[in-house]
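Peer 1: The amino acid sequence is not available; the structure is as follows:
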């Protein structure tokens, strides 16, 4: 077993749009590509040679140096399994429908797909801003005085977790390690299947938030004991340490993140008191509810409490597109007819697109849209 590695993605510039800033992740490849590895695309401009931008290898587990800077297509059945109930940004979903395929996974999805294909439990947590700013319902906690539940959001997360890991949960046959009493009539006994605990949260939404807390405790216990391996993927982690939210109590007072049951649960899974898993987090100034725009460094966005909560962690900075990456992306847009301007097929046109977008993936998508 190995200790959890905390990987914290920092922002290179302020215009990164949440995790969309890495909407097209680098798949591993080299400049020398074997014919069997990639699909060629011949530019319509006869002045240019054949450019290679896509690999036919759809399993990221098999990607290596021969796949760097190339796109790959996510098989429909894998997308259906992992993202049936959400997980992809709306703007990315629109492109999926436009291009009629789910092309190369951006950073989050690449981690999840690799994890899914290597039989790890995927513990995906949606952008924290969605939980704290766009919650569907607020209720007083049934177990802790002064805390607040988000029952509908908790139930939606349980459904997503169950769908993503359905086959693996059935195969592992994980059991509940202790008894949980929800009411006089509703009790989860020690030794019950973990799936029954999840189903209870779906059927009795009132207890969904507390069941998320219990589920996280059980997953940590199962991972530590070696019964499973778990990857936690969490976007906009710094939102949990904001000084503002849009959650209101019965008295219309603002509810801070520490008083939200789901916040407590998701912070618990990011502690380093368990092993046999990994935690991948992002820090994004756009995820902060209190608009911390003074700096995009983790220490500033997380604050002292958030930074100390994660410490020690491994920081990883996501750079902008390099020359090969931006050319592959432009070739893909040309191939999908998203980019139709003849000038985009010239070297000068590509340089202009790189300059206007600052080599930022999200900005490149916006710049190319009207062209």
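Peer 2: Alright, I've got the coordinates. This structure is a prediction, so every number in the text was calculated from the model and none was measured. Numbering: from 1, shown residues only.

Peer 1: Tell me how far the longest helix anywhere in the chain lies from the chain's centre.
Peer 2: In the chain, ranked by residue count with DSSP state H as the criterion, the top helix is helix 208-224. Mean C-alpha position of helix 208-224 versus that of the full chain (Cα atoms, centre = their mean, to the nearest Å) differs by 19 Å.

Peer 1: ok, and what's touching the helix or strand just after that helix?
Peer 2: Counting by DSSP states H and E, the next helix or strand C-terminal to helix 208-224 is strand 230-234. When contacts are defined by Cβ atoms under 8 Å, 6 or more residues apart in numbering, strand 230-234 is touched by residues 108, 111-112, 115, 120-125, 128, 219-220, 222-223, 266, 269-270, 276-282. From N, CA and C alone the C-beta is placed, and that goes for glycine too.

Peer 1: Kindly recompute the last result at 6 Å.
Peer 2: Applying Cβ atoms under 6 Å, 6 or more residues apart in numbering, the external contacts of strand 230-234 come out as 108, 111, 115, 120-121, 123-125, 219, 223, 269, 277-281.

Peer 1: Show me what the mean pLDDT comes to for it.
Peer 2: What strand 230-234 shows for mean pLDDT is 89.

Peer 1: From residue 53, how far out is the residue lying closest to residue 255 once chain neighbours are set aside?
Peer 2: The shortest distance from residue 255 to any non-neighbouring residue, by Cβ to Cβ, 6 or more residues apart in numbering, is to residue 247 (4.1 Å). Noted for residue 247: a distance of 44 Å to residue 53, by Cβ to Cβ, to the nearest Å.

Peer 1: roughly how far apart are residue 144 and residue 152?
Peer 2: 19 Å.

Peer 1: Could you do residue 135 as well?
Peer 2: Using Cβ to Cβ, residue 135 is found at 8 Å from residue 152.

Peer 1: Who has more neighbours out of the two?
Peer 2: residue 135 (22 against 16; other Cβ atoms under 10 Å).

Peer 1: surely that one meets residue 150?
Peer 2: Yes: counting by Cβ atoms under 6 Å, residue 135 touches residue 150, with 4.7 Å between them.

Peer 1: Please name whichever of the contacts of strand 230-234 scores lowest on pLDDT.
Peer 2: residue 108 (43).

Peer 1: where in the stretch 151-300 of the chain is pLDDT low?
Peer 2: Along the stretch 151-300 of the chain, the model assigns pLDDT under 70 to residues 287, 289-293.

Peer 1: Next, residue 180: phi, psi?
Peer 2: phi -120, psi 130 (degrees, to the nearest 10).

Peer 1: excluding its backbone neighbours, what's nearest it?
Peer 2: Using Cβ to Cβ, 6+ apart, the nearest residue to residue 180 is residue 188, at 4.2 Å.

Peer 1: how much space is there between the one you found and residue 210?
Peer 2: 11 Å.

Peer 1: go on, residue 144?
Peer 2: 9 Å.

Peer 1: Tell me where the stretch 51-200 of the chain has strands.
Peer 2: Along the stretch 51-200 of the chain, the segments classed as strands by DSSP state E, counting those that start in this stretch run 51-55, 68-70, 121-125, 139-140, 148-149, 180-181, 187-188.

Peer 1: Show me what the last one is in contact with.
Peer 2: Residues outside strand 187-188 that contact it (Cβ under 6 Å, 6+ apart): 176, 180-181, 197.

Peer 1: swap in the fifth one?
Peer 2: Residues from elsewhere that reach strand 148-149, judged by Cβ under 6 Å, 6+ apart: 138-139, 141, 209, 255, 259-261.

Peer 1: Residue 165 versus the nearest residue to residue 120 once chain neighbours are set aside, what's the distance?
Peer 2: Nearest residue to residue 120, sequence neighbours excluded (Cβ to Cβ, 6+ apart): residue 229, at 4.5 Å. Distance from residue 229 to residue 165, counting by Cβ to Cβ: 12 Å.

Peer 1: if you count what's nearby, which of these two comes out ahead?
Peer 2: Taking other Cβ under 10 Å, residue 229 and residue 165 do not tie; residue 165 has more neighbours (27 against 18).

Peer 1: Tell me how many other residues surround the closest residue in space to that one that isn't next to it in sequence.
Peer 2: Of all residues not flanking residue 165 in the chain, residue 121 sits nearest, at 5.4 Å (Cβ to Cβ, 6+ apart). By other Cβ under 10 Å, the residues close to residue 121 number 22.

Peer 1: ok, now how distant is residue 121 from residue 299?
Peer 2: Taken as Cβ to Cβ, the span from residue 121 to residue 299 is 31 Å.

Peer 1: what's the answer for residue 280, then?
Peer 2: Distance from residue 280 to residue 299, by Cβ to Cβ: 19 Å.

Peer 1: Please say which of these two ends up with more neighbours.
Peer 2: Set side by side, residue 280 and residue 299 show more neighbours around residue 280, with 22 against 11, by other Cβ under 10 Å.

Peer 1: so which strand or helix has the more buried one?
Peer 2: Using DSSP H and E, the element containing residue 280 is strand 277-282.

Peer 1: In the next helix or strand after that strand, which residues are buried?
Peer 2: Scanning forward in sequence from strand 277-282 by DSSP H and E, the next helix or strand is helix 298-310. Neighbour counts over helix 298-310 (16 or more other Cβ atoms under 10 Å) mark 298, 300-303, 306-307, 309-310 as buried.
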